[in-house]
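Participant: this is a predicted model, with the sequence first.
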Amino acid sequence: MNKHVYLFGQGINEGSASQVDILGGKGANLAEMSSLNIPVPPGFTITTPVCISFLKQKSLKKKIKESIDKSLKIVENIMSKGFGDIKNPLLLSVRSGAKISMPGMMETVLNIGLTSKTIPALIEQTQNSRFVYDSYRRLIMMYSDVVMEKAEQKNHIQIREKLENILDKYKRKNNITNDYELTTQDLQYLIKKFKIEIKKYFKIEFPDSCKEQLWGAIEAVFKSWNGKRAIQYRNIENIPHDWGTAVNVQTMVFGNLGETSATGVAFTRNPSNGNNKIYGEWLKNAQGEDVVAGIRTPNPINESSKTNRSKNSETLQKKWPDIYKKLFAIKNKLEKHYKDMQDIEFTIESGNLWMLQTRKGKRTGEAAIKIGVEMNNEKLITQKELIDRIISKNIDEIMHPKVDPELEKINKPIESGLPASPGGACGQIVFTASRAEEWHKKNKKVLLVRHETSPEDVQGMHVSQGIITAKGGMTSHAALVARGWGKACIVGCSNLNIDLKRKTVTINKTTYKEGDWFTINSTEGLVYDQKLNLVTSNFFKNKKFLNLMSLTNKFKKLKIRANADNPKDAILSKKLGAQGIGLCRTEHMFFDKKRIRSVQKMILSSSNIDRKNAIMELLPYQKNDFYKMLKAISPNPVTIRLLDPPLHEFLPSQKNIKLINSLAKNMSISSKEITNRIIDLFEINPMLGHRGCRLAVSFPEITEMQVEAIFTACAKLIKEGVNPKPEIMIPLVSTVGEFENQKLAVETIAKKLNEKFKIKLKYKLGTMIELPRACLIANKIAAKADFLSFGTNDLTQTTFGFSRDDIGSFIQNYFDNNILKEDPFKTIDQQGVGELVKIAVEKARKSKPKIKIGICGEHGGDPKSIYFFNKINLDYVSCSPYRIPIAYLAAAKASFRM
């Protein structure tokens, strides 16, 4: 027989914390606290399956109602009170309680059971008529809003707002500032006016039956599971819609009963910094909603909870030391039992302490890491439990500057987009990369605002504090580059209307000009139109963070490498724990102003000799680049990808006449010749065009120059006593013939330089697997290669036929229609792309069992993808430098799931 109602409190606890699926978080924890002999007002929890059944049937089944009535009788006996009794009435609260906390998303109704028949008895009992009528006033406002309006989908009435208006007008007319200043007579008058207003709009009287109030409240809370804000919250948090909510019916205890009553909220440790001191607030003679709604300014519960604003306020510890000691003892008991920091709600009624709730406390990233590490040191949790408890968002938070949370509370964002790269940034807005460079040279802090970014924008992006784009998704160019640099970035801000001629951007009918100050919270994807302070964190000096990283290294199986294109990023990567460079994109080195002209000359040359001379101008630069990169990361390996993008990316746009004329003058040829060459190089689909190894086959001098630069740098390092470990990676291979062609070119140059330097250069030669065909012939490629590395960005594009820069325009529709559950460019698509990777790994290892295999796409920094890569036994993942600690954490967690 299925049980639908579970009792808790005063020595009765039919449920436990392990039954969170059916009792919800609140109900399960109320039962658990009861079992720990913690004072909990008695009540009962109606299970989540009842909610699911109710939402389907549109009514409560008879047997459910009978179970509720039976449980209510037991609560009445415990309390020696009767629900609806005219001499000794019992009052109830009805609250929601989902499996996962959804704060404020569903409904609550308090003071149920107050009617014309029970009010006189309660006044007689309490000798406090003001308290009774204030409680009734609160019931009317809550019940009419939650039960009569929202549950019946009559949202157009907005009864809460109408009742608030009546209250506000009365207070203004009578010079009353605060609700608690209302007298019994004031409240009686307001209650009368409220009831008239309710009848006017709902055409029925406010219910004066205790049972009618109870059934209405229970059903309304169940219905709130499908409320608009609850659905939106579940979509954001990826919470299933079929879970349902439990309902908790509990005896009311009153913090507003008089001068020896109070209400409060506390955390067993500080949720902002993790300090092991109870932290919270309390209000004398108040109900819980007064604290939450900010109706009155609460006081700190102890000295460690004081802020600048509350430094002179009276603490609970000082006012009622005995009650504080009891609260402190309960705090210790709860932490020891749950082995985690708790968020607790309490009420003091006439000097008696009652616990209304405990749940896992929300905390900042810094606090999460500190609390976890210290609980491990205290032997409360194991090392594995510590690692499992920390989430990637915790690490994100401590690694990036962020907007001051106190300022965000009082400022409203003007736009929102996709949080492409976490952190915060503040600067004056500019609309072109060149303008960003100009202003940067004048020591101005800028935010680059663009429709979208391209490789030509990299310098402007690099000098900007942060980046905002109107288009693009989480793996667009702006997102990828920004994450690699640890730079704040928001993409896909669809309300941005940029006018480059006027140097303005219009957002929701407000126009901003170049130079206006913006601030972005790119962890949440929020844009503010003013200068807000940023809070920084030096995570390298955070001992708790370093302790955590040390533990993850102890457990992880996967090696973690970094995607880095310059020595600065390589040094940062090593400092962050990179065990090598898994992807060095050489084309990014060519966009420097001193080098781009040589690349352009190479592309525009009409003869092989001129082309080779132009490309060899880059040799000293490339040799120096590789020397610094290999030295910075030694003795770990550096995987260098030879030139990959199509040549047109290095040339100006046809429309950029100024740049074309300058280039023509520099090369002593006509502007028309350059324009014609740009037109010749134009490709309808460059992503699948003349790029990667195809380019190297057509222009072998590119491979020759790059490989000579690598080996010359290695020779210099060897003479200096440094042990360089270059891994040369051929991009976009789809046939064995392509790889063999490039392998021969590399081996020829190696032989020549071995003879020149009289040394034996050690290197590995492999390929980037980024095409479906390459996955299917991985065994044949592996037979010729030393390593394979999956470029999962392009592999996803070529498998789905999606462009990662355009997917942002329609992917939300795919989510809304349940076509896709996740962005395949963010998390590996295991059924398609992942299956190709798995096939390739199996084939390659069958051909060459000890071949090294890794992944260097954006998925290398995604925790869900890392679990998959660990499962299929890759050797390493490579990610952006600032994703390295997250990859460490995910790899350690993945090892527990093997």
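Facilitator: Cool, got the structure.
Participant: look up the closest residue to the residue nearest to the spatial centre of the chain, ignoring the ones flanking it.
Facilitator: Among the residues of the chain, K393 comes closest to the average C-alpha position under CA atoms, centre = their mean, at 5.5 Å. In space, K393 comes closest to G365 once its chain neighbours are excluded; the distance is 6.6 Å by CB to CB, 6 or more residues apart in numbering. Quick note: C-beta positions are derived from backbone N, CA and C, even for glycine.
Participant: what about that neighbour, neighbour count?
Facilitator: Taking other CB atoms under 10 Å as the criterion, the count of residues near G365 is 25.
Participant: thinking again about what came up before, so what pLDDT did the residue nearest to the centre of the chain get?
Facilitator: Among the per-residue scores, K393 shows a pLDDT of 84.
Participant: got the phi and psi for it?
Facilitator: Dihedral angles phi and psi of K393 (degrees, to the nearest 10) take the values phi -60, psi -30.
Participant: and the residue nearest to K393, how far from K228?
Facilitator: Look at G365 and K228: by CB to CB, to the nearest Å, they are 30 Å apart.
Participant: go ahead and name everything in contact with the host helix or strand of E738.
Facilitator: Taking DSSP states H and E as the criterion, E738 maps to helix 736-757. Surrounding helix 736-757, the residues in contact under the criterion CB atoms under 8 Å, 6 or more residues apart in numbering are 642, 693-694, 696-697, 700, 703-704, 707-708, 711-712, 715, 728, 730, 733, 760-761, 763, 765, 767, 777, 780-781, 784-785.
Participant: let's see the ChimeraX selection covering just the buried ones among the residues you listed.
Facilitator: Taking 16 or more other CB atoms under 10 Å as the burial criterion, the selection of buried members of the contacts of helix 736-757 in ChimeraX is written as:
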select :642,693,694,696,697,700,703,704,707,708,711,712,715,728,730,733,761,763,765,767,777,780,781,785
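Participant: next up, the contacts around K73.
Facilitator: With contact taken as CB under 8 Å, 6+ apart, K73 is in contact with no other residue.
Participant: distance between the helix or strand encompassing it and the chain's centre?
Facilitator: Under the assignment given by DSSP H and E, the secondary-structure element containing K73 is helix 62-79. Relative to the mean C-alpha coordinate of its chain, helix 62-79 is positioned 43 Å out (CA atoms, centre = their mean, to the nearest Å).
Participant: quick check: what element follows it along the chain?
Facilitator: Next helix or strand after helix 62-79 toward the C-terminus (DSSP H and E): strand 92-98.
Participant: can I get that following strand in PDB, CA atoms only?
Facilitator: As requested, C-alpha coordinates have been extracted for strand 92-98 and formatted as PDB (Å, rounded to 0.1, in the frame of the first residue of the first chain):
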ATOM      1  CA  LEU A  92      -1.600  25.900  10.000                       C
ATOM      2  CA  SER A  93       0.800  26.900   7.300                       C
ATOM      3  CA  VAL A  94       0.900  25.300   3.800                       C
ATOM      4  CA  ARG A  95       4.200  25.400   2.000                       C
ATOM      5  CA  SER A  96       5.700  23.900  -1.200                       C
ATOM      6  CA  GLY A  97       8.800  21.600  -1.100                       C
ATOM      7  CA  ALA A  98      10.300  20.400  -4.300                       C
END
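Participant: after it, which helix or strand is next?
Facilitator: Towards the C-terminus, the helix or strand next in line after strand 92-98, according to DSSP H and E, is strand 108-112.
Participant: going on from the helix or strand encompassing D569, what's the next piece of helix or strand?
Facilitator: Under DSSP H and E, the secondary-structure element containing D569 is helix 567-575. Stepping forward along the backbone from helix 567-575, the first helix or strand reached (DSSP H and E) is strand 581-585.
Participant: how is the chain carved up into domains?
Facilitator: According to the domain assignment given by automatic domain parsing, the chain is divided into the following structural domains: 73-251, 262-363, 402-536, 556-646+683-896.
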